[in-house]
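K.L.:
with the input below, show me the fold.
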Amino acid sequence: MKILGTYKLQELTTKIGSGATPRGGKNSYKDSGISLIRSLNIYDLEFDTYGLAFIDQEQADNLSNVEVEKDDVLINITGASVARCCKVPEEILPARVNQHVSILRTKKERLDPTYLQYLLVSPFYKHKLLTFAQGGATREALTKGGLEEFEIKLPPLETQISIAKMLSAFDYLINNNIRRIEILEEMARRIYREWFVHFRYPGQENDELVDSGTELGEIPEGWEVKNFGDLVAYERDRIKDDDVDKKVSVLGLGDMPKKSITLSEWENTNDIGSTKLGFKRDDILLGKIRPYFHKVGFAQTNGVCSSDIFVWRPKGNKDFVFALLVASSDKFVETATNSSSGTKMPRAKWDVLEQYSVAYPTEELLQKLNSLVGSSLKQIRTLSFHNKRLKETRDLLLPKLISGKIELD
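P.N.:
Numbering: from 1, shown residues only. So this is what the prediction gives:
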């Protein structure tokens, strides 16, 4: 690959800069308005809208010097997530960044922004960024000056755009699969809410509601009241470090899904220092520590996770789908939150959650649920494995394309 030369980022950008947190901190955030991008939103090649904060126009005006524009590349500059990098998605604009995120705005006639994000996450340049971040006076921080002086090798613009298009094709397919997974998951949640919260299920017009004699109140006739502990067993199979298969990724709290019930445990790189627990395919996992109670997922392979995660194994195959939907329901997560105890790191309590009452349906309705939602979960598993292959291929090509070891033609 032809290289034009080595350039500092300040020669190839019109802006490098980070913002600030509005006065009042988190208490000043709004329910809607102008997006305030924080480090928790930035992942390599991925923007996560979970936890996206909002500010009003007055607050935004005070941060006008860090207004985010279309095609800006965002990079985390402090903390454990330092050097994570992605391009801003148009749908969250208008936006500002706080002090932990820096904007890289390229001179597009010289440096393609999509190419830049792939370059910065490639192994060679990621290592350089992390080395700079850990080598200065401030631990794990990239400074404005450091970013301005950061050097990259630059091929012609035409080559940059071609490489970016090739890698973007993989990300398009990956994101399309993610959207399909989200739709399938939302369908499953809606079915649970309709059938088991509002009791609007197939054939409900022929059933009467009767007093359950519990805090659940009235439930359909023929149903019974069960506890969550009747559906799942709490697994506490401890795994010694020496017994961990090196090919199996370890699942830490940070690897738990934020908006999804799909655990992609093969993607995880989050090492953990706590005791490790073993889990099996189709086990249900939930974070024990606040604020991770909302993180619930089902395992797609056998693996190992932090002991800060509950591992629940359905007692029968017929109860897997129902138990998963119960555990990921808003009310269950609310119960985990409200019953947690501890000063610094409040933890959910199994003795409370195992007593969580549910209206358990008839065998006929349970079979319909397993057929309908079970089919969706199989599709989710297939799409998730497809994404695994796509990411592996993209990540194999990325450094070779950036370094010129593979020529596009």
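K.L.:
from here on, contacts and neighbour counts on C-alpha atoms
P.N.:
OK.
K.L.:
which ones are touching residue 75?
P.N.:
Residues touching residue 75, when contacts are defined by C-alpha atoms under 8 Å, 6 or more residues apart in numbering, comprise 42, 82, 83, 84, 85, 86, 101, 102, 103, 104.
K.L.:
quick check: residue 20 touching residue 67?
P.N.:
No. Contact status for residue 20 versus residue 67: not in contact, 11.5 Å apart, counting by C-alpha atoms under 8 Å.
K.L.:
any residues in contact with both of those two?
P.N.:
Listed contacts common to residue 20 and residue 67 are residue 97; contacts here mean C-alpha under 8 Å, 6+ apart.
K.L.:
could you report the neighbour count for the nearest residue to residue 59 once chain neighbours are set aside?
P.N.:
The shortest distance from residue 59 to any non-neighbouring residue, by C-alpha to C-alpha, 6 or more residues apart in numbering, is to residue 22 (6.4 Å). When neighbours are defined as other C-alpha atoms under 10 Å, residue 22 has 17 of them.
K.L.:
from memory residue 22 sits against residue 30, does it?
P.N.:
No. With contact defined as C-alpha under 8 Å, residue 22 does not reach residue 30; the gap is 11.2 Å.
K.L.:
the worst-scoring helix or strand of the chain on mean pLDDT - contacts with which helices or strands?
P.N.:
For the chain, scoring each helix and strand by mean pLDDT, DSSP states H and E identifies strand 250-251 as the least confident one, at a mean of 74. Strand 250-251 makes packing contacts with strand 303-306 when contacts are defined by 3 or more C-alpha pairs under 8 Å, 6 or more residues apart in numbering; DSSP states H and E.
K.L.:
against which helices or strands is the strand it packs on packed?
P.N.:
Other helices and strands packing on strand 303-306, by 3+ C-alpha pairs under 8 Å, 6+ apart, are strand 250-251, strand 276-279.
K.L.:
tell me the strands beside the helix or strand immediately after that strand in the chain, with direction?
P.N.:
Once strand 303-306 ends, the next helix or strand along the chain (criterion: DSSP states H and E) is strand 309-314. Sheet pairing for strand 309-314, assigned by DSSP bridges, gives strand 232-234 (antiparallel), strand 284-287 (antiparallel).
K.L.:
mind putting the ones you listed into CSV with mean pLDDT and mean neighbour count?
P.N.:
Below are the strands paired with strand 309-314 laid out as CSV (pLDDT from 0 to 100; neighbours: other C-alpha atoms under 10 Å):
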stretch, mean pLDDT, mean neighbour count
strand 232-234, 95, 17
strand 284-287, 90, 26
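K.L.:
who wins for proximity to residue 340 among these?
P.N.:
When the strands paired with strand 309-314 are ranked by proximity to residue 340, the top entry is strand 284-287, at 11.7 Å, counting by C-alpha to C-alpha.
K.L.:
what sits up against the closest one?
P.N.:
By C-alpha under 8 Å, 6+ apart, the residues outside strand 284-287 that reach it are 253, 256, 292-299, 308-314, 324.
K.L.:
chain center to it, what's the gap?
P.N.:
14 Å (C-alpha atoms, centre = their mean, to the nearest Å).
K.L.:
I'd like to know how many residues surround residue 71.
P.N.:
By other C-alpha under 10 Å, the residues close to residue 71 number 18.
K.L.:
that one: what secondary structure?
P.N.:
Local secondary structure at residue 71 is given as coil here, using DSSP: H, G, I helix; E, B strand; the rest coil.
K.L.:
look up how far residue 210 lies from it.
P.N.:
From residue 71 across to residue 210, the span is 58 Å (C-alpha to C-alpha, to the nearest Å).
K.L.:
quick one on the thing from earlier: which of the contacts of strand 284-287 count as buried?
P.N.:
253, 256, 292-299, 308-314, 324 (16 or more other C-alpha atoms under 10 Å).
K.L.:
what's opposite the nearest residue to residue 315 once chain neighbours are set aside in the beta bridge?
P.N.:
Leaving aside its chain neighbours, residue 315 sits nearest to residue 232 (5.1 Å; criterion: C-alpha to C-alpha, 6+ apart). Taking DSSP bridges, one finds residue 314 as the beta-bridge partners of residue 232.
K.L.:
measure residue 232 to residue 354 for me?
P.N.:
8 Å.
K.L.:
so after the strand or helix carrying residue 59, what's the next helix or strand?
P.N.:
Here residue 59 is covered by helix 57-61, with elements defined by DSSP H and E. Next helix or strand after helix 57-61 toward the C-terminus (DSSP H and E): strand 67-68.
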